[in-house]
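Engineer: okay, sequence plus prediction incoming.
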Amino acid sequence: MTTAPQSAAIANVGGASTAVTMAAYFVVLAGIAVWATRRTRTSADFFVAGRSLGTVVLGVSAMAATLSGFTFVGGPGLFYSAGATALFIVLPASLTNTLGAWALAGPLYELSRTRDVITIPGAIGARYGSRAAQGWAAVAILVALVGYIATNFLALGYVIDAVFGTGLSAGIWAGAIVVVGYSVAGGILAGVYADVFQGTVMAGASVAACWFALRSGGGLGGISRTIMGADAAFLSPWGAGGAMTALSYFFVFGVGSLAQPHISHKYLMARDARQFRWYPMVMTVAMTLTLLLYLTVGIAVKAMVVRGAMPPLARNDDAMPAFLLHAVPVGVAGVVFAGVAAAIMSTVNSFLSVGAAAITHDLPRAFGRAGRAAGTAASATDLGRGRVSTIVLALGAAAIAHAPGAQVAFLGVFGYGLFASTLVPALAIGLNWPGATAPAAVASIVAGLVVTLGGESLNYLGVYRLPAGVPWSGVALVVSTLLFVGASAVGRAPTSRGAPRSAGSTPRP
Amino acid sequence: MPAATRTGIVLVTGGVAAAGAAYAAAAGLGTAPAWAPWLLAIGASGGSVGLFVLGAATRGTVTPRVTALLAGLFVVLVTSFGVALALGPREGPGGPLLLGLPLRLAVVFYGVGFVPLLALPLAYARTFPAARDGAAAAVPRDAGDDARGSSQHTDHA
């Protein structure tokens, strides 16, 4: 759930003990990187972890990649300011953890084994037999990724500055170097095992923060009663944002969840298909624990402000640091800070892997360069290119993170919606609908790009703004999906054998 | 096309179109009319359940139990949102609480957030052995057999 970026400095409330905890955290990451580097020999190791992952690693790493620093800082801030509206960003998780496995795990796993697919654009290319679809999917992913990574580097810079006092710019570069270090050395193999460690830290920090949050307000009922006495709209079912905004969050973050390439990418890494059986359960348990902080800290801070136990916040993003300062022992604060860093770094690593694969693998194929089998010795060259692409992508994103805050925020804010509008039709629907066609896939991806970028640009420049509760990401998702289904329905071309593509003519594996 | 796949496409398309109609009405009028959140709630629920139906068809698990589960899921989602939309505000001082939350918020939070959370992962695991593990029935081989070899692609980026 990578949405609004961290946009302001974070106060360090733990002092030296936080620095020690964070340093220990970085040491563990370095150890994982060294271990993974020794096991990374081919591009299949680098991009799909050698197709070796079991259920727990898949589930926990997918959770860690899904939840970014927004869960720990921006989310509680949004809850503090908008009340229950913020709930609707995470509410779809009750469906989406299972929906991903239900609709995508099987088809993507099959493509990884029978077609040697190692990327999401590659899966789209294989599904439609279309280099154009593969290429446009790669372009869409790269456009969305750069802003995402930049905003996460910026957030990481704030965290490192808060803990070590480095200054923001040095914090950004230090964070980028750490992430790039283990991403380049060990690729996604280092990433997923780091994710398991990071996911454990995130879940532990979240459970601890939730316990202290509930304790601070006399339990959930006590917090609700306190807030209801002062601000009834805050805990209305839609919060301060209103019904359209809340339901739009549910729509975009629900349907759009199937189009997040850094999550779908995990389905290509399974050891065998049986690993998926309990994957939704593992991911659901891990995510539920990790979201406890998101769900409780914002309203706990609101209740503390209402009671007068804490002054009103100057900035919404201060909710988490203020909570740590007022309601959490210093030692626990260090763990929560490590949880924030873990959430950011696990997401960035996954994005870097997906982006590097798009540069190394998908764009060259889209322009006609044949690739090598992913797990062969010959793919060692691709491995080298993957590492170089990771560095280039990370350096570019770190440089962008130094741009003025509003511009970085603009780049980061449309990432989720861009994934949704460009990839839901071609990937989530197309892999489950034999009637989908290649031209429709290309048209939907391009439409998603144009509407999302065009609309968000109009909004950013103040030229045209949609009414409250109508996001450009939702509009783009509607346009691209209807275009995809409509174009497939009217433009279904005969196959090379002269028969229309349909389920009846689809051979079963 | 199998009936389940057709149903899934209809649900996804109808759900997304309903959301689009809500957005169009809000954009056209400058503010969302009272019925727009209802349309968006039904559309978002229908679109999500439609994707489940499409996935079930691909997995080969369109059994009566799964059909009932997904129909129940749609009912739970729409009912939870509908109750919250239909009931008037009652979140003031002394308003009723349900499991620690104001009544309307509790209906949405526990109905949409917890019921599927408990039911869906179990349903997925229980239907797993019956599924054709990892099958990609929707991938026509004549469309992508040679996806690895770029020379055999049919178009260009």
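Structural biologist: Ah, there it is.

Engineer: check which element follows the longest helix along chain B along the chain.
Structural biologist: Scanning chain B for the helix with the most residues, using DSSP state H, yields helix B:3-29. Downstream of helix B:3-29, the next assigned helix or strand under DSSP states H and E is helix B:36-59.

Engineer: do stretch A:68-83 and chain B meet?
Structural biologist: No. Using Cβ under 8 Å from any Cβ of the partner chain, stretch A:68-83 stays clear of chain B, coming no nearer than 9.1 Å. In short, each C-beta sits where N, CA and C put it, glycine included.

Engineer: can I get that stretch in PDB? Just the C-alpha atoms.
Structural biologist: Taking Å, rounded to 0.1, in the frame of the first residue of the first chain, the C-alpha atoms of stretch A:68-83 are listed here in PDB:
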ATOM      1  CA  SER A  68       5.700   0.600   2.600                       C
ATOM      2  CA  GLY A  69       6.700   3.400   5.000                       C
ATOM      3  CA  PHE A  70       3.200   4.900   4.400                       C
ATOM      4  CA  THR A  71       1.800   2.200   6.600                       C
ATOM      5  CA  PHE A  72       3.900   3.400   9.500                       C
ATOM      6  CA  VAL A  73       4.000   7.200   9.100                       C
ATOM      7  CA  GLY A  74       1.700   8.500   6.400                       C
ATOM      8  CA  GLY A  75      -1.100   6.200   7.200                       C
ATOM      9  CA  PRO A  76      -1.400   7.100  10.900                       C
ATOM     10  CA  GLY A  77      -1.200  10.700   9.800                       C
ATOM     11  CA  LEU A  78      -4.000  10.300   7.400                       C
ATOM     12  CA  PHE A  79      -6.100   8.500  10.000                       C
ATOM     13  CA  TYR A  80      -5.400  11.300  12.500                       C
ATOM     14  CA  SER A  81      -6.600  13.900   9.900                       C
ATOM     15  CA  ALA A  82      -9.400  12.200   8.000                       C
ATOM     16  CA  GLY A  83     -10.600   9.500  10.400                       C
END
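
Engineer: sorry, back to before: flag every buried residue along the longest helix of chain B.
Structural biologist: For helix B:3-29, burial by neighbour count (16 or more other Cβ atoms under 10 Å in any protein chain shown) applies to B:4-9, B:11-13, B:15-23, B:25-26.

Engineer: likewise stretch A:173-191?
Structural biologist: A:173-176, A:178-191.

Engineer: again with stretch A:55-69
Structural biologist: Buried, per 16+ other Cβ under 10 Å, within stretch A:55-69: A:55, A:57-69.

Engineer: sort these by pLDDT and name the bottom one.
Structural biologist: For the buried residues of stretch A:55-69, the weakest pLDDT value sits at residue A:69, with 76.

Engineer: ok, that residue to residue A:46 distance?
Structural biologist: Distance of residue A:69 to residue A:46, computed by Cβ to Cβ, to the nearest Å: 25 Å.

Engineer: OK, contacts around residue A:257?
Structural biologist: Contacts here follow Cβ atoms under 8 Å, 6 or more residues apart in numbering or on different chains; on that basis residue A:257 touches A:92-93, A:96, A:99-100, A:263.

Engineer: restrict these to those near chain B?
Structural biologist: A:92-93, A:99.

Engineer: which among those gets closest to chain B?
Structural biologist: Within the ones next to chain B among the contacts of residue A:257, proximity to chain B (Cβ to the nearest Cβ) peaks at residue A:99, which comes in at 6.0 Å.

Engineer: does that closest one really touch residue B:53, like I thought?
Structural biologist: No. Assessed by Cβ atoms under 8 Å, residue A:99 is found out of contact with residue B:53, at 11.0 Å.

Engineer: extract the residue ranges of the stretch 401-509 of chain A that are flagged as low pLDDT.
Structural biologist: Applying pLDDT under 70 to the stretch 401-509 of chain A flags residues A:405-413, A:493-509.

Engineer: neighbours around residue A:132, how many?
Structural biologist: 21 (other Cβ atoms under 10 Å in any protein chain shown).

Engineer: same check on residue A:490?
Structural biologist: Neighbours of residue A:490 using other Cβ under 10 Å come to 9.

Engineer: please apply the same query to residue A:243.
Structural biologist: 24.

Engineer: okay, it and residue A:85: tell me how far apart.
Structural biologist: For residue A:243, the distance to residue A:85 - Cβ to Cβ - is 9 Å.

Engineer: find the residue at the geometric middle of the chain.
Structural biologist: This is for chain A. Centrality entry for chain A: nearest residue to the mean C-alpha point is residue A:66, 4.2 Å, by Cα atoms, centre = their mean.

Engineer: nope, chain B
Structural biologist: residue B:48 (1.4 Å).

Engineer: can you check the pLDDT for that residue?
Structural biologist: On the pLDDT scale, residue B:48 gets 96.

Engineer: residue contacts, the closest residue to it other than its chain neighbours?
Structural biologist: Of all residues not flanking residue B:48 in the chain, residue A:254 sits nearest, at 5.0 Å (Cβ to Cβ, 6 or more residues apart in numbering or on different chains). Counting by Cβ under 8 Å, 6+ apart, residue A:254 makes contact with A:92, A:95-96, B:44, B:47-48.

Engineer: the bottom helix or strand of chain A by mean pLDDT?
Structural biologist: One helix or strand of chain A scores below all others by mean pLDDT, DSSP states H and E: helix A:405-413, with a mean of 66.
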